[in-house]
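**Q** what shape does this take:
(one chain, ligands or ions: 1)
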Amino acid sequence: MKMKEKFAEINKVQKALLATNFYNFETLKGVLLAAQQEQSDIILQLTQKSIDYMGLENALALAKAGLKTYGVTGWVHLDHGGSIELVEACLKAGFDSVMYDGSELPLAQNIENTKKVVQLAANYGANVEAELGYIAKLEQSHDKVAFTRPQDAQLFVEETGVDTLAVAIGTAHGFYKETPKLDFERLKAIKEVAQIPLVLHGGSGVPVPDVQRAISLGVCKVNVATEIKNIFMKTLKTLLTETDEIDLRQVFPPATASITKLIQGKLKMVNDVYQPTV
Ligand code: 13P
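**A** Presented below is the predicted three-dimensional model:
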């Protein structure tokens, strides 16, 4: 099933897919084993940095082969594509879905560029995600946030024909200093006018009930990256202080297993039905 079709399906029933970033074979394997064990669909995401690190063709081939090997239904997505050139390269290579991130541009420019990406992606039947409002990026102050305005979202969706929309409702990329406060009223208002599947970026560290409530209000894609890198490196660091083993095939598996455990929990979070507390 195409990514677009999957989103259309889950958009009707308030369900969401987990989107996990991967950085190498070990992190990819960790995520895929979790999806396999939970019998859950998953989105595998690559940023420009990860693409530069692994190489576009290598990264895509690794993800596609991994999905097949582990018997997981999934889609490969470009996360935060910063240029139309990068988006086009990913589409040509065979990505299922691309994000064009024009969130730092003036609204009219973001609309114009996103529109071009939507037209481009139509040739490949690929899904397009855009960002409206501004969600603080890694290494940026979490004060650097501009919440998405519902009236802008309506205009943006009408003008661009984008498939999915990342909204700024109180999350940020990276770890939070304090528990984030999500603006659910805003989310509801955006969904009412935009109608399309919404995307929650900055999923690391957002409390489970908040993620589930966001899903019940129209979020169909939940992104998690920072927690994956963190658990992998922390586990590895601990191991390396305890062993002189040079066989990396012995050293990496526990770090990979720590990702599997983390992502199993995240998959349960997105796949479970939201139970409001009274
Ligand atoms: P975190 O790194 O905060 O989990 O956010 C992931 C994300 O939104 C990727 O686009």
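**Q** who in the stretch 151-278 of the chain is up against the ligand?
**A** Contact residues, the stretch 151-278 of the chain versus the ligand (CB under 6 Å from any ligand atom): 173-174, 201-204, 223-227. Glycine gets a C-beta too; all of them are placed from N, C-alpha and C.
**Q** now Thr164: how far from the ligand?
**A** Using CB to the nearest ligand atom, to the nearest Å, Thr164 is found at 12 Å from the ligand.
**Q** how about the strands in the protein?
**A** 17-21, 42-46, 74-81, 97-100, 127-132, 164-167, 198-200, 219-224 (DSSP state E).
**Q** of those strands, which is nearest Arg149?
**A** strand 127-132 (8.4 Å; CB to CB).
**Q** ok so, going back, could you dump the residues of the stretch 151-278 of the chain next to the ligand to TSV with pLDDT and neighbour count?
**A** Listed next are those as TSV, based on pLDDT from 0 to 100; neighbours: other CB atoms under 10 Å:
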residue	pLDDT	neighbour count
His173	93	19
Gly174	94	17
His201	98	28
Gly202	97	28
Gly203	97	25
Ser204	97	21
Asn223	98	26
Val224	98	25
Ala225	98	24
Thr226	98	18
Glu227	98	18
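**Q** ok, which pair from those residues is furthest apart?
**A** His201 and Glu227 (13.4 Å).
**Q** ok, Ala189 touching Pro150?
**A** Yes: between Ala189 and Pro150 there is a contact under CB atoms under 8 Å: 4.2 Å.
**Q** the stretch 1-150 of the chain against the ligand: which residues are in contact?
**A** 21, 79-80.
**Q** and which of these is nearest to Lys12?
**A** Asp79 (25.0 Å).
**Q** which residues does the closest residue to that closest one other than its chain neighbours contact?
**A** Distance criterion CB to CB, 6 or more residues apart in numbering; nearest residue to Asp79, sequence neighbours excluded, is Gln45 at 4.1 Å. Going by CB atoms under 8 Å, 6 or more residues apart in numbering, Gln45 touches 19-22, 76-79, 223, 225.
**Q** that older thread, for Leu107, which of the strands of the chain is the nearest?
**A** strand 127-132 (7.9 Å).
**Q** Lys191 is in contact with Gly218, isn't it?
**A** Yes: using CB under 8 Å, Lys191 is in contact with Gly218, at 3.4 Å.
**Q** which residues does the closest residue to Glu104 other than its chain neighbours form a beta bridge with?
**A** Spatially, and ignoring its direct neighbours in sequence, Glu104 is nearest to Tyr134 (6.7 Å; CB to CB, 6+ apart). When bridges are called by DSSP bridges, Tyr134 pairs up with Ala146.
**Q** I'd guessed Thr243 sits against Lys237; true?
**A** No: when contacts are counted by CB under 8 Å, Thr243 is not listed as touching Lys237 (11.7 Å).
**Q** quick one: the helices in the stretch 51-200 of the chain?
**A** 56-69, 84-93, 107-122, 150-160, 184-194 (DSSP state H, counting those that start in this stretch).
**Q** select, out of these, the one closest to Lys2.
**A** helix 107-122 (11.4 Å).
**Q** specify the angle between the closest one and strand 127-132 in degrees.
**A** 170 degrees (axes from the mean of the first three to the mean of the last three CA atoms, to 10 degrees).
**Q** farthest-separated two in the contacts of Gln45?
**A** Val76 and Ala225 (15.0 Å).
**Q** these two touch, right, Ser50 and Thr20?
**A** No: contact criterion CB under 8 Å: Ser50 and Thr20 do not qualify, at 11.7 Å.
**Q** quick one, which of those two is more surrounded?
**A** More neighbours surround Thr20 than the other of Ser50 and Thr20, with 29 against 19 (other CB atoms under 10 Å).
**Q** bridging residues for the more buried one?
**A** Leu44, Val224.
**Q** that one touches Ile42, doesn't it?
**A** Yes: applying CB under 8 Å as the test, Thr20 and Ile42 come out as touching, 6.5 Å apart.
**Q** for burial, what's the neighbour tally of the residue nearest to Glu104?
**A** Residues near Tyr134, counting by other CB under 10 Å: 17.
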